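Enquirer: What follows is a predicted structure for the sequence shown.
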Amino acid sequence: MNKFKRIVLTMVLSATLMILPLAQDSFGLSDVYKNNIYDPGVLKILDSVVKVKVGQKAPGFTLPAVSGGKVSLKDYLGKKNVVISFVPAAWTPVCSDQWPGYNIVKDLFDEQDTILLGITVDNIPTLFSWTNQMGKLWFPVLSDFWPHGQTAKKYGVLRTDGVTERALFVVDKKGIIRYIDVHNINERPSLETLVKELEKLK
């Protein structure tokens, strides 16, 4: 990416982060949605031990999708880079902003030949209700509900309270982990940093 394009990208992402909390109506978020977000308060930042490293093969998984059927990590092997986005729980504040934010930058994922897979330990009915109120998301939303948190355990991001860390794993087309961000659970990960990591895959 050339210098001019990077400057423009930085401006877009900065603006996105500023307007996202104010732009719920543009995502089609209803009052029902906004009034039913549960605030758990400040959570302990890290409550797990990551089991994978950059350079390792990403643990495989097959999970049910809100849209129906099942999605496997291997579905994208040799075809797409994958960003795995673990978020702690449906109907919570930061999670409810983070995923709609990825709608704004879908073109950046497309440009880097990348699919995003959103994963929580909630069951399908809960995820259906949450994402339906959130508005249409362009990426698959997957349930790691049963066996509870099995995929999160493989990556080492299942917390002792039964939810997951807020974590991103970038997996290249060969199935190798290229970037890990186990983030402060109380904050959204940086979109700009994620895009920079995706650029490195070219």
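Expert: Nice, I can see it. Values in this document were obtained by computation on a predicted structure and should not be read as measured data.
Enquirer: mind listing the helices in this protein by residue range?
Expert: 3-19, 31-35, 93-104, 106-111, 124-134, 150-155, 191-199 (DSSP state H).
Enquirer: what sits up against the fourth one?
Expert: Contacts of helix 106-111 from elsewhere in the structure, counted by CB atoms under 8 Å, 6 or more residues apart in numbering, are Leu9, Val83, Tyr102, Ile115, Leu116, Trp138, Val195, Leu198. In this view, the C-beta of every residue, glycine as well, is placed from N, C-alpha and C.
Enquirer: Going by mean pLDDT, which of the helices of the chain comes out lowest?
Expert: Confidence, taken as mean pLDDT, is least for helix 3-19 of these (a mean of 52).
Enquirer: returning to what we had before: in terms of distance to Pro93, which of the contacts of helix 106-111 ranks first?
Expert: Tyr102 (16.3 Å; CB to CB).
Enquirer: Now do the closest one: how many residues are near it, please.
Expert: 19 (other CB atoms under 10 Å).
Enquirer: Tell me which residue lies nearest the centroid of this structure.
Expert: By CA atoms, centre = their mean, the chain has its centre lying nearest to Ser85, at 2.6 Å.
Enquirer: residues near the closest residue in space to that residue that isn't next to it in sequence, how many?
Expert: Nearest non-adjacent residue to Ser85, counting by CB to CB, 6 or more residues apart in numbering: Gly118, 5.0 Å away. Residues within reach of Gly118, counting by other CB under 10 Å, total 22.
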